[in-house]
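A.B. asks: My questions concern the predicted model and sequence given below.
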Amino acid sequence: MKNRLKISLENNLKVIITGSEGLIGKTICNLFEDINYNVIRCDLQLGHDLNDEKFVRNFFKSNTAPYLLNLFGLNNHQTSSDSSNNVFDISLQSFNAYLQCNLVNLFSTCREFARNSESKSIVNVSSLYSIISPDPLLYKTSKNDRQEKHIAYGVSKAGVEQLTRHLGVHLAPKIRVNCVAPGGVESSNIPEDFKIKFCEKVPLKRQQKIEELFGMFRFLCSEESSYTTCEIFRINGGYGCL
């Protein structure tokens, strides 16, 4: 096993990372480069529009790699200045925006990647909220700046997991497809009172560092995971088990 890992690192493997300039993406790209991976970055900030199907086709024709890690996604917060998060007030336009970005664009990206002959493994990212609803009590802050998850965020991330399973079956045996479902990733943008209440629900009593996701991403973007497909890996510190 150690020899296989050594060979992988010496081969300067390639990985395409979408959402490369986001909160998680920047750190993960750097960590892959630190272990000698050739990282092909893809992000809206770099002028890459995954909502444009023609662009997606051309991008994956021009950029081939054995591994694809999809970190892009819509994850905006509803705030007190936005429209209410009440199910009767949410616009269908905002709901559809999550489905378009987190599901339709993801399907398009996975499909075009799978067309190239080098493809071996796709890694998608869902969320803690793919299987549970956000706790409304967590989002009642001491100020009038409460931030809530849009209902379509969790709905779309549940869809990411089903998309992963479907593609894992239909692209096998050539391509493996797996999903990582993080929860409670550290960020300076998170209100302190939210962090305190969130960590009370986590057995490990803290939020996770971005670096703690890297081990799973590295495993799935290597031949160490050669018999792993259609799986959802939940990394959330045990949230919800208390």
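C.D. replies: Good, I have the coordinates.

A.B. asks: ok, residues contacting the lengthiest helix in the chain?
C.D. replies: Counting residues, the longest helix found in the chain (DSSP state H) is helix 151-170. Applying C-beta atoms under 8 Å, 6 or more residues apart in numbering, the contact partners of helix 151-170 are 73-75, 85, 87, 90, 94-99, 101-103, 106-107, 110, 114, 122, 124-127, 129-131, 133-134, 175-179, 181, 229-232. Quick note: C-beta positions are derived from backbone N, CA and C, even for glycine.

A.B. asks: average pLDDT across that helix?
C.D. replies: Mean per-residue pLDDT for helix 151-170: 97.

A.B. asks: how close does the residue sitting nearest the centre point of the chain sit to A65?
C.D. replies: In the chain, the C-alpha nearest the mean C-alpha coordinate belongs to V125, at 2.7 Å (C-alpha atoms, centre = their mean). Distance from V125 to A65, counting by C-beta to C-beta, to the nearest Å: 17 Å.

A.B. asks: where's G215 relative to F233, distance?
C.D. replies: Look at G215 and F233: by C-beta to C-beta, they are 10 Å apart.

A.B. asks: Those two: which has the busier surroundings?
C.D. replies: The neighbour count for G215 versus F233, taken as other C-beta atoms under 10 Å, is higher for F233 (17 against 11).

A.B. asks: tell me the phi and psi of V177?
C.D. replies: phi -130, psi 120 (degrees, to the nearest 10).

A.B. asks: How about S121?
C.D. replies: Dihedral angles (degrees, to the nearest 10) for S121: phi -150, psi 130.

A.B. asks: Could you list which of the contacts of helix 151-170 belong to helices?
C.D. replies: Short answer: the contacts of helix 151-170 in helices (DSSP H) are S94, F95, N96, A97, Y98, L99, L106, F107, C110, A114.

A.B. asks: For the residues you listed, pick the one with the most neighbours.
C.D. replies: Neighbour counts for the ones in helices among the contacts of helix 151-170, by other C-beta under 10 Å, peak at L106, which reaches 25 neighbours.

A.B. asks: and that one, what does it touch?
C.D. replies: Taking C-beta under 8 Å, 6+ apart as the criterion, L106 is in contact with N70, F72, G73, N124, V160, L163.

A.B. asks: same deal with V123?
C.D. replies: Contacts here follow C-beta under 8 Å, 6+ apart; on that basis V123 touches Y67, L68, L69, N70, N178, C179, V180, F217, L220, C221.

A.B. asks: For S117, see how far away it is.
C.D. replies: 19 Å.

A.B. asks: Now, of the contacts of helix 151-170, which are buried?
C.D. replies: Buried subset of the contacts of helix 151-170 (neighbour count, 16 or more other C-beta atoms under 10 Å): 73-75, 85, 90, 94-95, 97-98, 101-103, 106, 110, 114, 122, 124-127, 129-130, 134, 175-179, 181, 229-232.

A.B. asks: so G19 touches N70, yeah?
C.D. replies: Yes: counting by C-beta atoms under 8 Å, G19 does reach N70; the two are 6.9 Å apart.

A.B. asks: and E192, how many neighbours?
C.D. replies: Number of residues near E192 (other C-beta under 10 Å) recorded here: 9.

A.B. asks: how close does it sit to L71?
C.D. replies: E192 sits 26 Å away from L71, taking C-beta to C-beta as the criterion.

A.B. asks: Same question for N236.
C.D. replies: Taking C-beta to C-beta, one finds N236 at 17 Å from L71.

A.B. asks: Neighbour count: those two, which is higher?
C.D. replies: A count of neighbours by other C-beta under 10 Å puts L71 above the other of N236 and L71, at 24 against 21.

A.B. asks: outside of stretch 203-221, which residues touch it?
C.D. replies: Identification of contacts with stretch 203-221 by C-beta under 8 Å, 6+ apart yields 13, 15, 23-24, 27-28, 31-32, 35, 37, 67, 69, 121, 123, 176, 178, 180, 182-186, 190, 195, 198-199, 225, 228, 233, 235-238, 241-242.
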